[in-house]
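Chemist: sequence and predicted model, in that order:
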Amino acid sequence: MNSGREIILIVSEKPELRSMASIILAQNGYSSLTSPGVDEAIRLSSEHIGDIRAILLDLEFNQISMPTVIKTFHKLDPRVIIIGTGGSINDRRASLCDAFLHQPFTSRRLLQVIEPCIESKYQDKGVA
């Protein structure tokens, strides 16, 4: 369980993925924001710079340049953690992310991926 300060931005075209991830995170003390699209996610990220600790980014968006999207998120906040999620870890876009979460995922697996990422990256940056 975390301190309750961590906000995770969930970005996916799939309403069931956004809903499930949001519920799991809430049950474990995280706050979340959700977005069905990249443009809205970038807007939310720019409105919450420094508050969003991680972005759970569905890599299965069609006709989207993931390298550009990830660079945009990092330009807004270089400390934000990008956790890619999708059906194949062999997806070359997964290598652009700090971590990868295979779909479908369980609540346990979601937390196993998110928690160490937040702890390690923010300890490295001296953020409490």
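Modeler: Nice, thanks for sending it over. Numbers count the residues shown, from 1 in each chain.

Chemist: pull the number of nearby residues for Asn28.
Modeler: Using other C-beta atoms under 10 Å, Asn28 has 16 other residues around it. (C-beta placed from N, C-alpha, C; glycine too.)

Chemist: so it touches Leu111, yeah?
Modeler: Yes - applying C-beta atoms under 8 Å, one finds Asn28 in contact with Leu111, separated by 6.0 Å.

Chemist: mean pLDDT per helix and strand in this structure: which one sits at the bottom?
Modeler: One helix or strand of the chain scores below all others by mean pLDDT, DSSP states H and E: helix 107-124, with a mean of 84.

Chemist: what's next to that helix, contact-wise?
Modeler: 2, 6, 8, 21, 24-25, 27-28, 30, 53-54, 56, 79, 81, 83, 98-102, 128 (C-beta atoms under 8 Å, 6 or more residues apart in numbering).

Chemist: inside helices: which ones of these?
Modeler: Ala21, Ile24, Leu25, Gln27 (DSSP state H).

Chemist: ok, the closest residue in space to the first one that isn't next to it in sequence - contacts?
Modeler: If I follow you right, that is Ala21. Distance criterion C-beta to C-beta, 6 or more residues apart in numbering; nearest residue to Ala21, sequence neighbours excluded, is Ile10 at 4.9 Å. Contact analysis of Ile10 by C-beta under 8 Å, 6+ apart lists Leu17, Arg18, Ala21, Ser22, Leu25, Ser32, Leu33, Thr34, Ser35, Ile55, Leu56.
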